[in-house]
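Participant: Take a look and give me a structure for this.
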Amino acid sequence: MNVTSVGQSTTSTQSSSQSTQSQIKALEKQKQQLQDEINQVNQDKQTKSEDKEKKVQLLQAQIQTIETQIQQLEQKKNEAAANSSTQQASGSSASKQAAVKQLVRPSIDLEA
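Facilitator: Below is the predicted model:
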């Protein structure tokens, strides 16, 4: 892997990470809205307690789904960061090897 492809890979990973972070923020906002809605349902004095309970359970199920999605995105983001670090280390090693080959090659050519 050459230095250019490592740079492109890193840029791609950063872009993906930013996108993932935006998705997480959007999901957290949805979660907060659902929690606010639960509070409103609980404070509603006109709705029967049975109806309140059903609505709260439905909202809590939606919150749980959102929390699962957030966890999956966090995991994806962490895996991408780990892969990026591995690629950068690999690219750094490859570029060092290429530099050494360029330094060594002229001396070999002189002897030939």
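
Participant: So which bits of stretch 38-54 are buried?
Facilitator: For stretch 38-54, the neighbour count (16 or more other C-beta atoms under 10 Å) marks 38, 41 as buried. Heads up, the C-betas are built off the backbone N, CA and C, glycines and all.

Participant: how far does that stretch stretch from start to finish?
Facilitator: Criterion C-alpha to C-alpha, to the nearest Å; first-to-last residue distance in stretch 38-54 is 11 Å.

Participant: what does the average pLDDT come to for that stretch?
Facilitator: Stretch 38-54 comes out with an average pLDDT of 94.

Participant: wait, what's in contact with residue 47?
Facilitator: Going by C-beta atoms under 8 Å, 6 or more residues apart in numbering, residue 47 touches 41, 55.

Participant: Now do the SS call for it.
Facilitator: coil (DSSP: H, G, I helix; E, B strand; the rest coil).

Participant: any idea how far it is from residue 81?
Facilitator: 46 Å (C-beta to C-beta, to the nearest Å).

Participant: And for residue 27?
Facilitator: Separation of residue 27 from residue 81 (C-beta to C-beta): 19 Å.

Participant: of the two, who's got more company?
Facilitator: residue 27 (17 against 14; other C-beta atoms under 10 Å).

Participant: what residues are up against that one?
Facilitator: Counting by C-beta under 8 Å, 6+ apart, residue 27 touches 66, 69, 70, 73.

Participant: roughly how far apart are the last one and residue 45?
Facilitator: Translated: residue 73. From residue 73 across to residue 45, the span is 38 Å (C-beta to C-beta).

Participant: quick one: which of the contacts of residue 27 sit in helices?
Facilitator: Using DSSP state H, 66, 69, 70, 73 are the members of the contacts of residue 27 that sit in helices.

Participant: okay, those in JSON lines with neighbour count next?
Facilitator: Shown next, in JSON lines, are the ones in helices among the contacts of residue 27 (neighbours: other C-beta atoms under 10 Å):
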{"residue": "66", "neighbour count": "19"}
{"residue": "69", "neighbour count": "15"}
{"residue": "70", "neighbour count": "18"}
{"residue": "73", "neighbour count": "17"}
